[in-house]
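>>> Quick one, what's the 3D model for this:
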Amino acid sequence: MEIKKLANEMVDTLRESVWNKIDQEVTDERWNNIGFAAQAMVESEVPEQQILNMLIKYWDLQPSEAKDILRFAKKNSFRE
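Coordinates of the predicted model:
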């Protein structure tokens with residue numbers, strides 16, 4: 001009986017680890033997409049306030065998060 005309990009705990013631990021990894025990957029991809037969207041808006045010369053408003057509205061960011069993303073986008077954009 002103890003071996004079965006140990007095996008179940010090991011499977012549960014492994015399953016939790018896999019779900020945590022998937023959750024982290026999804027979160028990372030979300031932030032990458034937010035960054036790409038912000039960079040596209042910067043490169044398209046959308047006014048900064050409008051970019052902030054759109055990041056807050058469509059990506060459900062806090063104003064401070066939107067400012068950080070905008071700062072990143074401006075630093076990493078490929079404007080000519």
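>>> okay, CA-based contacts and neighbour counts for the rest of this
Noted.
>>> Would you point out which residue is most central in the chain?
Nearest residue to the geometric centre of the chain (CA atoms, centre = their mean): residue 31, 2.3 Å.
>>> any idea whether it is helix, strand or coil?
Following DSSP: H, G, I helix; E, B strand; the rest coil, residue 31 is assigned to helix.
>>> Could you list the low-confidence segments of this structure?
The model of the chain has pLDDT under 70 over residues 1, 79-80.
>>> can we see that at 90?
1-9, 11-12, 76-80 (pLDDT under 90).
>>> Now do the helices in this protein.
Here the chain has its helices, by DSSP state H, at 2-43, 48-59, 63-76.
>>> Show me what the shortest one is packed against.
Counting by 3 or more CA pairs under 8 Å, 6 or more residues apart in numbering; DSSP states H and E, the packing neighbours recorded for helix 48-59 are helix 2-43, helix 63-76.
>>> Pull the distance from the shortest one to the chain's centre.
In terms of CA atoms, centre = their mean, to the nearest Å, the centre of helix 63-76 is set 13 Å apart from its chain centre.
>>> what's next to that helix, contact-wise?
Here helix 63-76 makes contact (CA atoms under 8 Å, 6 or more residues apart in numbering) with 34-36, 38-39, 42, 48, 51-52, 55-56.
>>> Quick check: which of the helices and strands packed on helix 48-59 is buried the most?
Across these, averaging neighbours per residue (mean count of other CA atoms under 10 Å) puts helix 63-76 on top, at a mean of 16.
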